[in-house]
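Undergrad: I'd like to go over a predicted model; first the sequence, then the structure.
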Amino acid sequence: MELCQNCHTGHLIDPPNGQQSYLKCDACNAILLLYKPMPHQVEYHKDQTKFKGFFGGYGSGKTVSTCQDVIHHILTTPNGLTLIGAQTFPQLEQTAMKEFFDWFPQDLIFHYSKQKNYVDVVNGHRVLFRTLDDETKARSLNLTCFWIEEANTVAYEYFTQLQTRLRNTSTKKHRGFLSSNPDLNWIKTDFLLKSETINQHGYNDDNVIYLQDVKNPAISSHIVPTHLNKYLPENYERDLKATKPDWWIRRFLYGSFENREGLVYPAALDFIVEPFEIPNHWERIGGADFGILDPTVLVLGAIDPDEGILYLYDEHYQADKPVPHHAQIMNALLDPIPNGALRAVMADPSGRNRNKHDGRTLFQHYAEYGIYFQPAGNSIDSGIAKVLAYFSLERIRIFNNLFNTIKEFTLYKFKPKELGDDKNADEKPEDKWNHAMDSIRYLVSILPDNPENLRNVSYGLYKDRLNGGKMKNIPYELRDDDNSYNSSWASNF
Ligand SMILES: Nc1ncnc2c1ncn2[C@@H]1O[C@H](COP(=O)(O)OP(=O)(O)O)[C@@H](O)[C@H]1O
Ligand SMILES: [Mg+2]
């Protein structure tokens, strides 16, 4: 029998009530909790952020881990008040309450009112169990802590309301916990994407990128895949996986918040890379789209001539500014491009149209600032088909600091099909989140139809020119074809 570390005289024994979650000293009544967190749970418990979400696949340990943090709060906050809530009573009873009563030592419960659904703990802390189906119920509470179990099924108003209830003066350390399956509702938009940190536990073969505009230092999220829970029955994950579609496996076993359904370029998200310095000899192309209320956009690409890959490496993306402002920023992006390396800046062909007021075209206006656009073709269907071909042959990469471009890739969708639509009807993208998308379509429009031809020998010659024409030293027979008639794919537009 284990010696008690508190009094060093008694021994730790199973409590007479038969509960498995703790041992009790037979001399001093000290209690030893037997919960042993797994590594991902250790990481989660270390995180002391005020509002914390545990999101993950089925059986990833959402309920147990959150319950343990709540128990810790209760035991360390005398006279506090904690609300444990879920959408419906059966949900509450079968998940949060069940785990709570499994783990919380009965010896520390002073009073349990089944009728009124609360527990009084010996340190004066009260725990309320509540369904979150009526906002008015929580109105007069002064909480130290709340836990919303299966929070994705609970309305956002409860989360905001419970936050305002955290004003009990028994502690300075108020906490709010969410446990939930990944969902695309407020759990994603108002919690996950506003988190100061998004902790992805375990391997992440899902390749998900979460774009965050605003971060709130009081919010933190943890994403845990099912397979990290070593207490699950063998084959648990395999059996669940067996008959499920890919998106289901990503969402409910990997804990992914991603939704690629309906995206025009779903594959783009697999080709986002760390930025690096573009070698001087790589040829550059731009794509631009103009807006007044909509953003004006310039996306810059560079071509790796050895691998035949287009890297989208810089962007300008801003709405509601006059031409001189955009031109100044565009020039700042274009100026560092080595002489002769810029092939063209392709743009929305409507930039050629004359303005009713002064008869000038947008192209002319930009030309005054030294930026010369080429009109791109504007067939959306064939343009998208070409970009798709480049993605399917893995010929495009996107630098991960192109915030707006990546954001559009995650939002640029086909129009949802109406009921009774002809299945074979032409799919058209929605007319939104398409400004960087159009710019990229214009940019790609001057690339060769066959992406294989990006790996063009003319680039080698170009590189050679920059290297001071080393080719001259090579015997004539071994030199690449003469530059003058081996015209580049782009030199004849
Ligand atoms: N640290 C742990 N020690 C023992 N069992 C654990 C531990 N963490 C999780 N479990 C067990 O794993 C199972 C799934 O955990 P649970 O929290 O219910 O997952 P989820 O809420 O994500 O579906 C439960 O049976 C739970 O008891
Ligand atoms: Mg659960």
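TA: Thanks, I have it. Ligands and ions are numbered 1, 2, ... in the order given.

Undergrad: neighbours of the residue in the stretch 351-493 of the chain positioned nearest to ligand 1, just the number please.
TA: Residue nearest to ligand 1 within the stretch 351-493 of the chain (Cβ to the nearest ligand atom): residue 410, separated by 26.1 Å. Where C-beta positions appear, they are placed from N, C-alpha and C, glycine not excepted. Applying other Cβ atoms under 10 Å, we find 20 other residues in the vicinity of residue 410.

Undergrad: OK, contacts around it?
TA: Listed by Cβ atoms under 8 Å, 6 or more residues apart in numbering, the contact partners of residue 410 are 209, 211, 263, 269.

Undergrad: switch the cut-off to 7 Å
TA: 211, 269 (Cβ atoms under 7 Å, 6 or more residues apart in numbering).

Undergrad: Quickly find the element holding it.
TA: Assigned by DSSP states H and E, residue 410 belongs to helix 403-411.

Undergrad: Which helix or which strand is home to the residue of the stretch 51-200 of the chain found nearest ligand 2?
TA: In the stretch 51-200 of the chain, the residue that lies nearest ligand 2 is residue 63 (3.3 Å; Cβ to the ion). Per DSSP H and E, residue 63 falls inside helix 62-76.

Undergrad: before we move on, which element is residue 302 in?
TA: Assigned by DSSP H and E, residue 302 falls within strand 295-304.

Undergrad: what angle separates the helix or strand that that strand is followed by from strand 295-304?
TA: Using DSSP H and E, the helix or strand that follows strand 295-304 in sequence is strand 309-319. Going by axes from the mean of the first three to the mean of the last three Cα atoms, to 10 degrees, strand 309-319 is angled at 170 degrees with respect to strand 295-304.

Undergrad: Residue ranges in the stretch 351-493 of the chain under the pLDDT threshold?
TA: 417-426, 456-493 (pLDDT under 70).

Undergrad: would you list every one of the helices in this structure?
TA: Secondary structure of the chain (DSSP state H): helices located at 39-46, 62-76, 89-92, 98-103, 156-165, 186, 236-241, 246-252, 323-334, 362-367, 380-392, 403-411, 435-445, 457-466.

Undergrad: Around ligand 2, which positions in this structure sit nearby?
TA: Neighbours of ligand 2 within the chain, by Cβ under 5 Å from the ion: 62, 63, 95.

Undergrad: Which of those ranks first by neighbour count?
TA: Neighbour counts for the residues of the chain next to ligand 2 (other Cβ under 10 Å) peak at residue 62, which has 27 neighbours.

Undergrad: count of residues packed around the residue nearest to that residue when sequence neighbours are not counted?
TA: Excluding its sequence neighbours, the residue lying closest to residue 62 (Cβ to Cβ, 6 or more residues apart in numbering) is residue 179, at 4.1 Å. Applying the criterion other Cβ under 10 Å, we find 30 residues in the vicinity of residue 179.

Undergrad: go on, the one 5 residues further on?
TA: Residue 184 is surrounded by 14 other residues when neighbours are defined as other Cβ under 10 Å.

Undergrad: ok, it - contacts?
TA: Contacts were defined as Cβ under 7 Å, 6+ apart; by that measure residue 184 touches 257, 259.

Undergrad: which bits of this protein sit near ligand 1?
TA: 35-38, 41, 56, 58-64, 229, 231 (Cβ under 6 Å from any ligand atom).

Undergrad: Which residues are in contact with the residue nearest to residue 62?
TA: Per Cβ under 7 Å, 6+ apart, neighbours of residue 179: 54, 62, 63, 66, 149, 150, 151.

Undergrad: re the thing from before, now do the helix holding residue 63: which elements does it pack against?
TA: helix 39-46, strand 51-56, strand 81-86, helix 98-103, strand 145-149, strand 175-180 (3 or more Cβ pairs under 7 Å, 6 or more residues apart in numbering; DSSP states H and E).

Undergrad: from the chain's centre, how far out does stretch 40-52 sit?
TA: How far stretch 40-52 lies from its chain's middle: 19 Å, per Cα atoms, centre = their mean, to the nearest Å.

Undergrad: Pull out the CA atoms of it and give them to me as PDB.
TA: C-alpha atoms of stretch 40-52 as PDB (Å, rounded to 0.1, in the frame of the first residue of the first chain):
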ATOM      1  CA  HIS A  40      -1.800  15.900 -25.600                       C
ATOM      2  CA  GLN A  41      -3.900  16.300 -22.400                       C
ATOM      3  CA  VAL A  42      -0.800  17.500 -20.500                       C
ATOM      4  CA  GLU A  43      -0.300  20.200 -23.200                       C
ATOM      5  CA  TYR A  44      -3.900  21.200 -23.000                       C
ATOM      6  CA  HIS A  45      -3.900  21.500 -19.200                       C
ATOM      7  CA  LYS A  46      -0.800  23.600 -19.200                       C
ATOM      8  CA  ASP A  47      -2.600  26.200 -21.300                       C
ATOM      9  CA  GLN A  48      -3.900  28.800 -18.800                       C
ATOM     10  CA  THR A  49      -5.700  31.000 -21.300                       C
ATOM     11  CA  LYS A  50      -9.000  32.300 -19.900                       C
ATOM     12  CA  PHE A  51     -11.200  30.900 -22.700                       C
ATOM     13  CA  LYS A  52     -10.100  27.500 -23.900                       C
END
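
Undergrad: buried residues in it?
TA: 40, 41, 44, 49, 50, 51, 52 (16 or more other Cβ atoms under 10 Å).

Undergrad: Stretch 7-19 too?
TA: For stretch 7-19, by 16+ other Cβ under 10 Å, it's 10, 12, 19.

Undergrad: The residue in the stretch 201-350 of the chain positioned nearest to ligand 1 and residue 373, how far apart?
TA: Residue nearest to ligand 1 within the stretch 201-350 of the chain: residue 231 (4.1 Å; Cβ to the nearest ligand atom). Computed as Cβ to Cβ, to the nearest Å, the residue 231 to residue 373 distance reads 61 Å.

Undergrad: rewinding a little: just say which of the helices of the chain is most tucked in.
TA: helix 435-445 (a mean of 27; mean count of other Cβ atoms under 10 Å).

Undergrad: between that one and helix 403-411, how many degrees?
TA: With the same axes, to 10 degrees as the basis, helix 435-445 and helix 403-411 are set at 90 degrees to each other.

Undergrad: Not counting residues beside it along the chain, what's closest to the residue most central in space within the chain?
TA: By Cα atoms, centre = their mean, the chain has its centre lying nearest to residue 210, at 1.4 Å. Closest residue in space to residue 210, ignoring its immediate chain neighbours: residue 198 at 5.6 Å, by Cβ to Cβ, 6+ apart.
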